[in-house]
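Colleague: Sequence and predicted model, in that order:
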Amino acid sequence: MTTIETSSALDLLEDRELLRELAFVNGEWVGADDGGTFEVRDPASGRVLAEVPVFGATETTRALDAAGAAFETWGTTLAKERAAILRRWADLMRDNSEDLSLILTAEQGKPLSESRGEVEYAASFLEWFGEEAKRVYGDVIPTPMEGRRIVVFKEPLGVTGGITPWNFPSAMVTRKCAPAVAAGNTMVLKPAEQTPLSALAVCVLAERAGLPPGVLNVVTTPAEKAQEVGETMTSDPRLRMLGFTGSTEVGKLLMKQCADTVTKVSLELGGNAPFIVFEDADLELALGAMQSCKYRNSGQTCISANRILVQESVHDEFVAMLTDYAAGLVVGSGTEEGSQIGPLIDQQGLDKVERHIANALESGAEIVVGGSPHDRGGLFFQPTVLTGVSPEMDMSCEETFGPVAGIIPFRTEEEAIAIANDTPYGLCAYFFTKDLARAWRVGEALEAGIVGLNTGFVSTEVAPFGGVKQSGIGREGSKYGIEEWVDTKYFTFAGL
Ligand code: SIN
């Protein structure tokens, strides 16, 4: 990757103790057995930010051993005590928000304002699941047999695993480890190779909050060794559950691996969100929503609007509004004042965006604004709007993961619903209308785990996040989120 001269967000850190270049196992900061490391780079400048350990099977097994040993105590620690630690951990994340945001922006590239929002989102999972720890209730069921009683307990599973993505390096870590440890489990977590520093910083604060050694372990490894680490986790019979956020392709692979040990999975996989603007919509509202669900994080979220369907009668007006808006977006590194669009994560990400645009142009789409890498060079891409996009084009069938809005015109409600549902994915769907009857009809007809009516912002710790079809299994966040991380035990007393 070419390097661009900008100052690094890490130069601004106040508490440099939050920046770690070692993995975290059994409460200790450790390197790889052979001392091997890999580089973590700033996507805005291409500069090396840090070097972290290359873990393999041996070190990962050691992390599983630590999680196994820690479970013996943590699994029976009072929910009230677990809750207090999670609360302190959440408070520490908020107290250190600025430094955590700088680390996040340095390794991921998103504007600092978005990183601050993500750190608050990450802390909210610790707070929420700490509170939920005290409410993992069971049941007493009226017995159908004389002399019996039936009770149901919810029990922690034991050792669990987490594999997290680079697009939300802080929030996806806590969205997995918070419910897991709140419910009394221990965890081995592998962050994405592009963004391990945020996960390690979260561990520093876990330590400060009093989380006992071995309850949360973070193993770092580059892409070439990810499969080895993943297989070590999934093939270990002690691993009782794996939470993963990432591509559908990798999710399927992990699910197959987990089948051998009948390990539970919670998978948050690819999306291909439709964003439908009906002719009776408030167009200003729909335009505002494009910021949160199309251009936020440079379009690199699983719930990014990927297919923008606009009813023919308002098509030209909406395209004109969106074009003005996209043309005015400020592209820059995350620490630059006013920056709204940061770099893409890596060259592979940029190549995919270019491939989608080239494919759309070949098939008859037109660029209204943007369409090329940005003059700043490196991994920066222009905010882009394309018209004349059709459901068959690559950008309609795969997640683009870039600041590119492809507009698909439609005539009728039935047609819009058919296009929206014509995908193997079903994570999130957005639509805009002022008609109450249509709101119910379309909301019920859309095949997605999350539906946003008249909004592009759906993320919150209190609501269940997850998809249908090939977008995943299980839910994260909310009261449903902690259910994934417990076993249900039916206990019957006879001879009473
Ligand atoms: C994701 O893209 O996977 C998560 C997005 C969110 O929670 O807002």
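Modeller: Nice, I can see it. The structure presented is a predicted model; accordingly, all values stated were derived computationally and were not measured.
Colleague: show me where pLDDT drops low in the chain?
Modeller: Within the chain, the segments meeting pLDDT under 70 span 1-7.
Colleague: Alongside the ligand, which residues does it contribute?
Modeller: With CB under 6 Å from any ligand atom as the criterion, the chain comes near the ligand at residues 167-168, 245, 268, 301-303, 459, 465. Yep, even glycine has a C-beta here, placed from its N, CA and C like the rest.
Colleague: same thing but at 8 Å, please
Modeller: Contacts of the chain with the ligand, taken as CB under 8 Å from any ligand atom, map to 121, 165, 167-168, 171-172, 175, 245, 268, 271, 297, 300-304, 458-459, 465.
Colleague: Mind checking which of those are in strands?
Modeller: The strands in this structure, assigned by DSSP state E, contain 245, 268 from the residues of the chain next to the ligand.
Colleague: Narrow the residues of the chain next to the ligand to those in helices?
Modeller: Counting by DSSP state H, the part of the residues of the chain next to the ligand found in helices is 121, 171-172, 175.
Colleague: ok, the residues you listed vs Thr73, which is closest?
Modeller: Of all these, the one sitting nearest Thr73 is Arg175; the distance, using CB to CB, is 24.6 Å.
Colleague: picking up where we left off before, which pair in the ones in helices among the residues of the chain next to the ligand spans the largest distance?
Modeller: Set against one another by CB to CB, those have their most distant pair in Tyr121 and Met172, with a gap of 9.8 Å.
Colleague: Please say which of these two ends up with more neighbours.
Modeller: Met172 (32 against 19; other CB atoms under 10 Å).
Colleague: what's the closest non-adjacent residue to the more buried one?
Modeller: The spatially closest residue to Met172, leaving aside those adjacent along the chain, is Thr164, at 4.3 Å (CB to CB, 6 or more residues apart in numbering).
Colleague: now for the host helix or strand of Leu100, which elements pack on it?
Modeller: Using DSSP states H and E, the element containing Leu100 is helix 97-108. Helices and strands touching helix 97-108, as assessed by 3 or more CB pairs under 8 Å, 6 or more residues apart in numbering; DSSP states H and E, comprise helix 112-133, helix 196-209.
Colleague: got the angle between the longest one and helix 97-108?
Modeller: Helix 112-133 and helix 97-108 are oriented at 110 degrees to each other (axes from the mean of the first three to the mean of the last three CA atoms, to 10 degrees).
Colleague: next one: the last one
Modeller: Angle of helix 196-209 versus helix 97-108, following the same axes, to 10 degrees, is 150 degrees.
Colleague: How about Lys264, nearest residue that isn't a chain neighbour?
Modeller: Met241 is the one closest to Lys264 (CB to CB, 6+ apart), at 4.2 Å.
Colleague: Surely the residue nearest to Met172 is in contact with Val188?
Modeller: No. Using CB atoms under 8 Å, Thr164 is not in contact with Val188; the gap is 11.9 Å.
Colleague: Just want to check the distance between Glu21 and the ligand.
Modeller: Applying CB to the nearest ligand atom, to the nearest Å, one obtains 26 Å for the distance of Glu21 from the ligand.
Colleague: can you check Ala9 too?
Modeller: Counting by CB to the nearest ligand atom, the gap from Ala9 to the ligand is 21 Å.
Colleague: Could you give the residue of the stretch 1-150 of the chain that lies closest to the ligand?
Modeller: Checking the stretch 1-150 of the chain residue by residue against the ligand with CB to the nearest ligand atom singles out Tyr121 as nearest, at 7.1 Å.
Colleague: Pull out the buried members of the residues of the chain next to the ligand.
Modeller: By the neighbour-count criterion of 16 or more other CB atoms under 10 Å, the residues of the chain next to the ligand include these buried positions: 121, 165, 167-168, 171-172, 175, 245, 268, 271, 297, 300-304, 458-459, 465.
Colleague: helix or strand for the nearest residue to Thr143 once chain neighbours are set aside, which one?
Modeller: Nearest non-adjacent residue to Thr143, counting by CB to CB, 6+ apart: Ile150, 5.3 Å away. For Ile150, the enclosing helix or strand under DSSP H and E is strand 149-156.
Colleague: Check Pro274 too.
Modeller: When elements are defined using DSSP H and E, Pro274 is found to belong to strand 273-277.
Colleague: what element comes up after that strand heading to the C-terminus?
Modeller: With elements assigned by DSSP H and E, the helix or strand that comes after strand 273-277 is helix 283-290.
Colleague: So which elements touch that next one?
Modeller: Applying 3+ CB pairs under 8 Å, 6+ apart, one finds that helix 283-290 makes contact with strand 273-277, strand 305-311, helix 312-327, strand 428-432.
Colleague: show me what contacts the residue nearest to Met172?
Modeller: Under the criterion of CB atoms under 8 Å, 6 or more residues apart in numbering, the contact partners of Thr164 comprise 172-173, 176, 189-192, 199, 245.
Colleague: By neighbour count, which of these wins?
Modeller: Top of these by neighbour number is Met172, holding 32 neighbours under the definition other CB under 10 Å.
Colleague: got a list of what that one touches?
Modeller: Contacts of Met172 by CB under 8 Å, 6+ apart are 164-165, 245.
Colleague: ditto for Ser304
Modeller: Neighbouring residues of Ser304 by CB under 8 Å, 6+ apart: 271, 273, 293-294, 296-297, 399-401.
Colleague: Just want the most central residue of this structure.
Modeller: In the chain, the centroid-proximal residue (CA atoms, centre = their mean) is Met172; its distance is 4.6 Å.
Colleague: ok, it to Phe244 distance?
Modeller: To Phe244, Met172 is 10 Å away according to CB to CB, to the nearest Å.
Colleague: Excluding sequence neighbours, find me the nearest residue to Arg41.
Modeller: Of all residues apart from its sequence neighbours, Val48 sits closest to Arg41 (CB to CB, 6+ apart), at 5.7 Å.
Colleague: Thr143: how many residues sit nearby?
Modeller: Considering only other CB under 10 Å, Thr143 is surrounded by 14 other residues.
Colleague: wait, isn't it in contact with Arg149?
Modeller: Yes. Look at Thr143 against Arg149 with CB under 8 Å: they come within range, at 5.9 Å.
Colleague: partners of the closest residue to Leu322 other than its chain neighbours in the sheet?
Modeller: Take Leu322 and drop its neighbours on the chain: the residue closest to it by CB to CB, 6+ apart is Val385, 5.5 Å away. As for beta bridges, Val385 partners with Val369, Ala405 under DSSP bridges.
Colleague: Out of the contacts of Ser304, which is nearest to Val451?
Modeller: For these, the nearest to Val451 is Ala273 (9.9 Å; CB to CB).
Colleague: what residues are up against the closest residue to the closest one other than its chain neighbours?
Modeller: Setting aside the residues directly before and after it, Ala273 is nearest to Cys428 in space (CB to CB, 6+ apart), at 4.6 Å. With CB under 8 Å, 6+ apart as the criterion, the residues that contact Cys428 are 271, 273, 302-303, 448-452, 458, 467.
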